[in-house]
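Colleague: Below are the sequence and a predicted model; questions follow.
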Amino acid sequence: MLNAPATISSLFVYGTLRPGDVRWHHLAPFVVDEGWDDTAAGSVFDTGLDYPAAMFDNSGTIRGRTYSLLSVSIDQCLALLDDVEGVVDGGYRRVQITTGTGTRAWAYEYGSGLELTLIASGDWLNR
């Protein structure tokens, strides 16, 4: 899946890829709009390491933002973010989700074995 060309042109972000957080600068050059507040089904957790972890299921609501990506550089963007998010190492995996606004989007789901603390608000920025 990771080597296939991207057909989804949006990305849902819930943590350090959001504007104002430490990894936003990796995503910013690839977005075509200001994005919109959005949600996804699942839960977000504090890893205790200054970044969150999300699990996309029906357990709750994750608050975040969805961005449209530049069509000419989606694959480049996703390859960079896969590296940043540790996809190759198994830290996270890129998954396809449908957001609360009905947008098909990529998102990064936690894939490692740290002990996690649930963020009850579902919002990393308001933990």
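Modeller: That came in fine, so what should we check first?
Colleague: Off-centre distance for stretch 59-72?
Modeller: How far stretch 59-72 lies from its chain's middle: 7 Å, per Cα atoms, centre = their mean, to the nearest Å.
Colleague: going forward can the numbers begin at 25, since that is how I track them
Modeller: All set: I'll call the first residue 25, so the last point we hit is now stretch 83-96.
Colleague: neighbouring contacts of that stretch?
Modeller: Contact with stretch 83-96 is made by 33-39, 42-43, 51, 54-57, 59-68, 78, 80, 101, 123-125, 127, 129, 145-148, 150, as judged by Cβ atoms under 8 Å, 6 or more residues apart in numbering. All C-beta spots, glycine's among them, are computed from the backbone N, C-alpha and C.
Colleague: Let's see which of those residues end up in helices.
Modeller: Counted as lying in helices by DSSP state H, out of these, are Leu51, Cys101.
Colleague: Can you point out the buried residues in stretch 116-135?
Modeller: By neighbour count on 16 or more other Cβ atoms under 10 Å, the buried set for stretch 116-135 is 116-118, 121, 123-124, 127, 129-135.
Colleague: now the contacts of stretch 83-96: which count as buried?
Modeller: 33-39, 42, 51, 54-55, 59, 62-68, 78, 80, 101, 123-124, 127, 129, 146-148.
Colleague: In strands, which of those fall?
Modeller: Of the buried ones among the contacts of stretch 83-96, the ones assigned to strands by DSSP state E are Ser34, Leu35, Phe36, Val37, Asp62, Thr63, Ala64, Ala65, Ser67, Val68, Ala78, Ala129.
Colleague: Surely the second one touches Leu51?
Modeller: This points to Leu35. Yes: counting by Cβ atoms under 8 Å, Leu35 does reach Leu51; the two are 7.2 Å apart.
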